[in-house]
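Engineer: Make a model of this:
(4 chains)
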Protein chains: 2
Amino acid sequence: MHDTDLAAVGALIGDPSRARMLDSLMGGRALAAGELARVARVGPSTASEHLARLLAGGLVEVVAQGRHRYYRIAGPAVGEALEALSHVAPPRPVTTLRESGHARALGYARTCYDHLAGRCGVALHDALLQHGWLTDAYDVTPAGAAALAGWGVDVEAARGLRRSFARPCLDWTERRPHLAGALGAGLGAALVDRGWFEPRSPDSRALRLTDRGRDELVGLGCDLTRP
Amino acid sequence: MHDTDLAAVGALIGDPSRARMLDSLMGGRALAAGELARVARVGPSTASEHLARLLAGGLVEVVAQGRHRYYRIAGPAVGEALEALSHVAPPRPVTTLRESGHARALGYARTCYDHLAGRCGVALHDALLQHGWLTDAYDVTPAGAAALAGWGVDVEAARGLRRSFARPCLDWTERRPHLAGALGAGLGAALVDRGWFEPRSPDSRALRLTDRGRDELVGLGCDLTRP
DNA sequence: ACCGCGCTTCGGCCCGCACCGAAGCGTCCC
DNA sequence: GGGACGCTTCGGTGCGGGCCGAAGCGCGGT
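Structural biologist: Residues are numbered from 1 along each chain as shown, chains lettered A, B, ... in the order given. Okay, here's the model as predicted:
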């Protein structure tokens, strides 16, 4: 039996350089150490030390490919913890036009570890419920499974994974749920594969909704208007 | 529009003294500054400074009563964030027999901000579902509402609150859901009022299951055996 | 009114951690 | 094979934050 060391994990997240790294990794992609040094705005040696701490603390995992070392978030629980923390984190007022655009983009569509979040994520979640493809017990109906298969989402495969199948994940920008779990992850990947969303940059969580994506989501009844 | 400052909230939690305070406050009661100084094992002046930071950061709120200042967790979102962080926090191995007992007690029954958690919390959640008092969409059936009313839980009042009615909260010791939301909070309070659970100490999250509570829960079909 | 108590604020001290540059190791490419 | 590149480790530096004791303020009780 053990107790947990909240202070240790808080301190890991509590450094600005490490927080910037985790923030980028929440985009769901694995990033190389050099890239993480760049987003954190520190030198390579400093980044190495920070990454060693995140690794030892279990928040990230690493895969070596030749001389490149790719780091990624260690699993859904870490993603969930960071998203939950975002709800209680103080706002950081934006000071430049560039930051303002980035914050707006995050609020519209972004990756929350492995699934779609933001305005678009919440609208999609609502539409799935509205169409009866998803039940309010977060199960998929036969009609829903058929429709999602048309999008390239294998619902049965998602069901067989050793993680939560589908569940609401409270969106920090919308304050309403978007879809998480194995189903949310499958959907997020499929919608990028189909070209409905594309990454805004290689090291950011923000996604861009393409014209095709907008047409499809609006056709589905998603309310994408900005509040 | 704004972005969040993950580092700032991480740093708040990342100090051992402040983490100990938050840990105690997750017991759901408001604690006086002097009590928090004691649990954090620092002097009054240091405790004041830490509390000022937690207050400024929005993690706690304060109520003054005469010369006493009572601090408590600022709301359910903070409780949820701390619980989610507990899932990814490194284990802190216990080094004394006293700590070992405390850790075991936490795993058996504890307050997770305002609802019952641990083995007992999960067993109760499962029994509510098993009896059909709670649906898998986390709504209460008429039979459930009647039964819970018999326990002193006003289900309709819980439904009218400006917070999530009922939802699963993943338990960090059991790795399965216990019941959270307004319903979980009402239930937690009622079971303490009825003497099924009592606090182990004034500044700890750990609860003791009374003989009466055990009889009632076992009679309900709860599996309280330790793994 | 006076004293004790709870709590906060302030100034000073010290330790830990983030940072850097340099050096070293391994991989990749020509 | 040699050089460039990506990354890690190490030693040294400096700064920030936690800690304490002292002082001050307000409340409660006699």
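
Engineer: Does at least one residue of the helix or strand bottoming out on mean pLDDT in chain A sit close to chain B?
Structural biologist: Among the helices and strands of chain A, strand A:91-93 carries the lowest confidence by mean pLDDT, DSSP states H and E, at a mean of 79. Yes. Using Cβ under 8 Å from any Cβ of the partner chain, we find that strand A:91-93 touches chain B at A:91, A:92, A:93. Bear in mind the C-beta positions are built from the backbone N, C-alpha and C, glycine included.

Engineer: ok, the first one touching residue B:5?
Structural biologist: Yes. Between residue A:91 and residue B:5 there is a contact at 7.2 Å, judged by Cβ atoms under 8 Å.

Engineer: ok, those two, which is more surrounded?
Structural biologist: Neighbour count, other Cβ atoms under 10 Å in any protein chain shown: between residue A:91 and residue B:5, residue B:5 has more, with 18 against 13.

Engineer: Tell me who's in contact with the residue nearest to the more buried one when sequence neighbours are not counted.
Structural biologist: Nearest non-adjacent residue to residue B:5, counting by Cβ to Cβ, 6 or more residues apart in numbering or on different chains: residue A:92, 4.1 Å away. Residue A:92 sits next to B:2, B:3, B:4, B:5, B:8 when contact means Cβ atoms under 8 Å, 6 or more residues apart in numbering or on different chains.

Engineer: Where does confidence bottom out across those residues?
Structural biologist: Lowest-confidence member of these: residue B:2, scoring 65 (pLDDT).

Engineer: any weak-confidence spans in chain A?
Structural biologist: Counting by pLDDT under 70, chain A shows low-confidence ranges at A:1-2, A:227.

Engineer: Now do the strands in it.
Structural biologist: Remark: strands assigned in chain A by DSSP state E are A:3-4, A:31-32, A:60-65, A:68-73, A:91-93, A:110-112, A:115-117, A:167-170, A:177-180, A:197-199, A:207-209.

Engineer: which of those strands sits most buried?
Structural biologist: Mean neighbours per residue, mean count of other Cβ atoms under 10 Å in any protein chain shown, is largest over the strands of chain A for strand A:115-117, with a mean of 29.

Engineer: what does it contact?
Structural biologist: Strand A:115-117 is contacted by residues A:83, A:109-111, A:121, A:124, A:169, A:171, A:173, A:178-181, A:184-185, A:187-188, A:191, A:197, A:207 when judged by Cβ under 8 Å, 6+ apart.

Engineer: repeat for stretch A:140-148
Structural biologist: A:128, A:131-135, A:155-156, A:166, A:183, A:186-187, A:190.

Engineer: Which ones among these map onto helices?
Structural biologist: A:128, A:155, A:156, A:183, A:186, A:187, A:190 (DSSP state H).

Engineer: Could I have the buried ones of these as ChimeraX selection syntax?
Structural biologist: Here is the ChimeraX command that selects the buried residues among the ones in helices among the contacts of stretch A:140-148 (16 or more other Cβ atoms under 10 Å in any protein chain shown):
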select /A:128,155,183,186,187,190
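
Engineer: May I ask which two of the ones in helices among the contacts of stretch A:140-148 are separated the most?
Structural biologist: For the ones in helices among the contacts of stretch A:140-148, with distances taken as Cβ to Cβ, the pair at the greatest spread is A:128 and A:156 (16.9 Å).

Engineer: Report the residue ranges of every domain in chain A.
Structural biologist: Domains of chain A are assigned by automatic domain parsing as A:6-74, A:80-220.

Engineer: could I get those as a markdown table with distance to residue B:220?
Structural biologist: Below are these laid out as a markdown table (distance: least, Cβ to Cβ, whole Å):
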| stretch | distance to residue B:220 |
| --- | --- |
| domain A:6-74 | 33 |
| domain A:80-220 | 22 |
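
Engineer: And those: which comes nearest DNA strand C?
Structural biologist: Distance to DNA strand C, taken as Cβ to the nearest atom of the strand, is lowest for domain A:6-74 among the domains of chain A, at 2.2 Å.

Engineer: got the residues of chain A near DNA strand C?
Structural biologist: Taking Cβ under 7 Å from any atom of the strand as the measure of proximity, chain A contacts DNA strand C at A:11, A:15-17, A:40, A:42-46, A:49-50, A:53, A:65-67.

Engineer: and of these, the nearest to residue A:161?
Structural biologist: Distance to residue A:161, by Cβ to Cβ, is smallest for residue A:65 among those, at 25.0 Å.

Engineer: Going along the chain, name the helices of chain A.
Structural biologist: Per DSSP H, chain A carries helices over the ranges A:6-13, A:16-25, A:33-40, A:44-56, A:76-88, A:97-108, A:118-130, A:142-150, A:155-159, A:181-193, A:211-220.

Engineer: Say whether chain B is contacted by the first one.
Structural biologist: Yes. Looking at helix A:6-13 against chain B by Cβ under 8 Å from any Cβ, the contacts come from A:6, A:7, A:8, A:9, A:10, A:11, A:12, A:13.

Engineer: Any quick PyMOL command for the buried ones out of the residues of chain A next to DNA strand C?
Structural biologist: Of these, the buried ones go into a single PyMOL selection, burial set by 16+ other Cβ under 10 Å:
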select buried, chain A and resi 11+15+16+17+40+42+50
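
Engineer: Taking the residues of chain A next to DNA strand C together, which two end up most distant?
Structural biologist: Between any two of those (Cβ to Cβ), the greatest distance is 32.5 Å, for A:11 and A:66.

Engineer: Let me have the strands of chain A in a markdown table, adding distance to residue A:22 as columns.
Structural biologist: Compiled in a markdown table, the strands of chain A are given as follows (distance: least, Cβ to Cβ, whole Å):
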| stretch | distance to residue A:22 |
| --- | --- |
| strand A:3-4 | 19 |
| strand A:31-32 | 11 |
| strand A:60-65 | 8 |
| strand A:68-73 | 7 |
| strand A:91-93 | 15 |
| strand A:110-112 | 13 |
| strand A:115-117 | 15 |
| strand A:167-170 | 17 |
| strand A:177-180 | 18 |
| strand A:197-199 | 17 |
| strand A:207-209 | 18 |
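
Engineer: Can I get those strands in CSV including distance to DNA strand D?
Structural biologist: Formatted as CSV, these follow (distance: least, Cβ to the nearest atom of the strand, whole Å):
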stretch, distance to DNA strand D
strand A:3-4, 18
strand A:31-32, 4
strand A:60-65, 7
strand A:68-73, 4
strand A:91-93, 15
strand A:110-112, 21
strand A:115-117, 27
strand A:167-170, 28
strand A:177-180, 29
strand A:197-199, 19
strand A:207-209, 24
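
Engineer: ok, residue A:178 touching residue A:127?
Structural biologist: No. Taking contacts as Cβ under 8 Å, residue A:178 lies outside contact range of residue A:127: 11.4 Å.
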